[in-house]
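> Okay, sequence plus prediction incoming.
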Amino acid sequence: MSGWDRLMNAGLSAIQSWRDYGAEPTVTLDGRYADRWSWYAGTWQRDITLAVRLRSQPLLYKNTRQLWRTADAIASLYEQFVYAGDLPDPPGAAGDMDAFRQRVAASAIPWQPTTGDAAADDALLVAFAEMASLWRWRQYMALRPKLGAVLGDVLTELVDDPAHGAVWPRIVWPGYVVDLDLNDVGDVKRYAVEYRVEVSASTTYGRTVLAESYVFRKEVDGESFRFYKDGRPFDYPEIGPAVQPNPYGFAPAIWDRHEIVFGDRGMGALDKTLAAAKEINSLLSNALDYQQKQFNAPVGVKGAMTGNPLRRGLGSLLPRAAVIDPNEDAATIAARTAETLGLLPMGADGEFVTVQFDVGKTAEMVGLLIDAVIAESPEARYGQQLLEMSQATGPAVELILAPIAGKVKRARANYDPQTAKLFQMAVSIFGYRLANGDYDPALVARRRSRYDAFRPFTPGAFDAGRMDCGIADRDVFPESESDRVARLVLVEQLQSPVSLRMAGLSDDQANEMIAGREARQAKAAEVQRRAFDRGDDEPPDTGDVGAEEEVTG
């Protein structure tokens, strides 16, 4: 091997090491994601074995419960606000495109086509609206941000279904993604999904299914789809041949990462404070259990028991299990009674003593930890803070909750490009199938408006730039209608073009406002001039839109 070859191999190894930095071994992925999800779902103690839970926190109290929960509040922030609002229905063949564009701009996903052609922009908006309607995206658009916030990352693949004339999105558990290759901007180049399948014996739906257990694996890249069963290529009856060509030229999947760090795996919103949250719940659980022990502490009896309690008429006070033999001595009966009733027999000089602890100190330690967690994850209390600001406007809320709004916007910067990529790929697959005539003509005829929306996007449309599109920025806490009116009143008082643009108006909007203001002023001046020429004692009120009509009439 030449020196140049050795240098190139060393460079490639260094690059691969940099790409893999921080990535966890495949064998730990399933436990990693299961631990995160069970903490969010509240099933942490039941679903995950003690060994898995204590892998990173070996000092946790063994009976730790989730008494203080923040996972749902944190995940709900991203579930509600990454894509907040509604989605517009498709405009239809004779729809008002101007009104449709306005609905898109104010929707949860404000698409912003950049094809450079107005007709192509409109066609892309209609295709995306048809896609969202087909997918029931109003219901599912919040799922990826929620899963990403909890798990750190999630795969969404597109399932091509020519038999039913559709392309479907499928969310894949990230622990099943055992091999993943992303390019430098996060697009999926190839991936492999692998998991164990357990099939129970069944005779439902008129079919006899034998019980079996096997490992399913699927490998996808821009050239082919490959399927395996227990490590060997396998022709699944419901899927087809073990190796199938990929006609699209790209891997039809996106990989969402809630926070992008080194490696291909992302970091979730719960990750940074998960260890501290477990510590807090460990302390709370331990303290609560100790208090319960205090409440149920056994009663110590001072003095020794002499004689047989049965012969002293005390037998009715003892449980039946404690009465073994009437001829037993007092010491034996006392021991059995203490075990049954939870009593501690003592000598004449005995004294019952329990270990005491300072509840205030425990509360102080827990409070300190909670403050640290909230400082790291302010999302945990955003709901409480919103309730306390019932009179604040949308912009004021966003200003006060700036750290939370900043986190949501940062998350949007990761999810929005992948959403655009998902819709672009789905529209491309629809266009490919329509161009090849792969859909049932009767089905296409029944839903002509739907399929006509995808016809312009034939193979090559993406490379030609006819599908270029992004998602516009939007407020995390949008202003209400009354807030908007009040803001417009203030904007109306601004005079210079610079101040109007600084207030958020575009150049076209600022020019339109200035032109309208100048036209109204010119009209008012004309009304006053005519009144002066006629010698009116008092000029008409030029603020009245109909003033000129009154004068000239």
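In hand now; what should we look at? Numbering: from 1, shown residues only.

> any low-confidence regions in the stretch 51-200 of the chain?
51-58, 93-94 (pLDDT under 70).

> tell me which element the residue nearest to residue 252 when sequence neighbours are not counted falls in.
Closest residue to residue 252 apart from its sequence neighbours, by C-beta to C-beta, 6 or more residues apart in numbering: residue 158 at 3.9 Å. All C-beta spots, glycine's among them, are computed from the backbone N, C-alpha and C. Using DSSP states H and E, the element containing residue 158 is strand 153-161.

> Would you mark the buried spots in that strand?
By neighbour count on 16 or more other C-beta atoms under 10 Å, the buried set for strand 153-161 is 153-158, 160.

> residues contacting the residue nearest to residue 252?
167-170, 252-253, 422, 425-426, 429 (C-beta atoms under 8 Å, 6 or more residues apart in numbering).

> what comes into contact with the top strand by length along the chain?
Among all segments of the chain classified by DSSP state E, the strand with the greatest residue count is strand 188-199. Strand 188-199 is contacted from outside by 155, 172-173, 176-183, 209-222, 251, 253-255, using C-beta under 8 Å, 6+ apart.

> Can you mark which positions in it are buried?
So, applying 16+ other C-beta under 10 Å, buried residues of strand 188-199: 188, 190-194.

> Stretch 62-74: end-to-end distance?
26 Å (C-alpha to C-alpha, to the nearest Å).

> Going forward, the N-terminal residue is numbered 862.
Right, with 862 as the first residue, what we last looked at is stretch 923-935.

> Name the single longest helix found in this structure.
helix 1263-1297 (DSSP state H).

> Could you give the backbone dihedrals for residue 1395?
With angles defined as degrees, to the nearest 10, residue 1395 sits at phi -80, psi -10.

> what about the residue lying closest to residue 949 once chain neighbours are set aside, which SS state?
Nearest-residue entry for residue 949: residue 964, 3.8 Å, with adjacent residues in sequence omitted and distances by C-beta to C-beta, 6+ apart. Following DSSP: H, G, I helix; E, B strand; the rest coil, residue 964 is assigned to helix.

> Tell me how many other residues crowd residue 964.
17 (other C-beta atoms under 10 Å).

> what does residue 969 give?
Other residues near residue 969 number 19, with proximity taken as other C-beta under 10 Å.

> just residue 1032 next, same as before
With other C-beta under 10 Å as criterion, residue 1032 counts 14.

> now residue 1315
The burial count for residue 1315: 24, using other C-beta under 10 Å.

> so where's the stretch 1112-1261 of the chain shaky on pLDDT?
Checking the stretch 1112-1261 of the chain against pLDDT under 70 turns up 1154-1222, 1233, 1236-1238, 1240-1261.

> are any of the contacts of strand 1049-1060 buried, and which?
1016, 1033-1034, 1037-1039, 1041, 1043, 1077-1082, 1112, 1114-1116.

> sorry, back to before: partner residues bridging the residue nearest to residue 1113?
Bridge pairing for residue 1019 (DSSP bridges) gives the partners residue 1030.

> Show me where the stretch 1062-1211 of the chain has its helices.
Ranges of helices within the stretch 1062-1211 of the chain are 1132-1156, 1191-1202, based on DSSP state H, counting those that start in this stretch.

> how much space between residue 991 and residue 953?
From residue 991 over to residue 953 the distance is 10 Å, taken as C-beta to C-beta, to the nearest Å.

> One more: residue 1119?
37 Å.

> just residue 936 next, same as before
Computed as C-beta to C-beta, the residue 936 to residue 953 distance reads 37 Å.

> So between these two, which is more surrounded?
residue 936 (22 against 10).

> can you list residues touching both of residue 991 and residue 953?
By C-beta under 8 Å, 6+ apart, residue 991 and residue 953 have these common neighbours: residue 1310.

> immediately after the helix or strand where residue 1306 lies, which helix or strand?
Using DSSP H and E, residue 1306 sits within helix 1302-1307. Where DSSP H and E defines the elements, the next helix or strand beyond helix 1302-1307 is helix 1309-1313.

> The next helix or strand after that following helix - contacts with which helices or strands?
Downstream of helix 1309-1313, the next assigned helix or strand under DSSP H and E is strand 1330-1332. Strand 1330-1332 sits against strand 972-974, helix 1263-1297, with contacts defined as 3 or more C-beta pairs under 8 Å, 6 or more residues apart in numbering; DSSP states H and E.

> Show me which residues of the longest one are buried.
When neighbours are counted by 16+ other C-beta under 10 Å, the buried residues of helix 1263-1297 are found to be 1265-1266, 1268-1270, 1272-1273, 1275-1295.

> any weak-confidence spans in the stretch 1262-1411 of the chain?
If you take pLDDT under 70 as the line, the stretch 1262-1411 of the chain has these spans: 1262-1263, 1339-1348, 1397-1411.

> Okay, helices next: where are they in the stretch 862-1011 of the chain?
Under DSSP H, counting those that start in this stretch, the stretch 862-1011 of the chain gives helices at 864-881, 890-902, 905-908, 911-914, 932-942, 958-966, 979-996, 998-1001, 1004-1012.

> Endpoints of stretch 1009-1028, how far apart?
End-to-end distance (C-alpha to C-alpha), stretch 1009-1028: 23 Å.

> swap in stretch 1090-1101?
Using C-alpha to C-alpha, the two ends of stretch 1090-1101 sit 13 Å apart.

> Can you name the residues in contact with that stretch?
1075-1078, 1087-1089, 1102-1104.

> 10 Å instead?
1055, 1057-1058, 1073-1079, 1086-1089, 1102-1104 (C-beta atoms under 10 Å, 6 or more residues apart in numbering).

> residues near residue 924, how many?
Residue 924: 11 neighbours (other C-beta under 10 Å).

> name the helices or strands packed onto the host helix or strand of residue 1386?
Here residue 1386 sits within helix 1368-1395, counting by DSSP H and E. Secondary-structure packing of helix 1368-1395 (3 or more C-beta pairs under 10 Å, 6 or more residues apart in numbering; DSSP states H and E): helix 1342-1353, helix 1358-1363, helix 1408-1413.

> What residues sit buried inside it?
Buried residues in helix 1368-1395 (16+ other C-beta under 10 Å): 1371, 1374-1375, 1385, 1388-1389, 1392.
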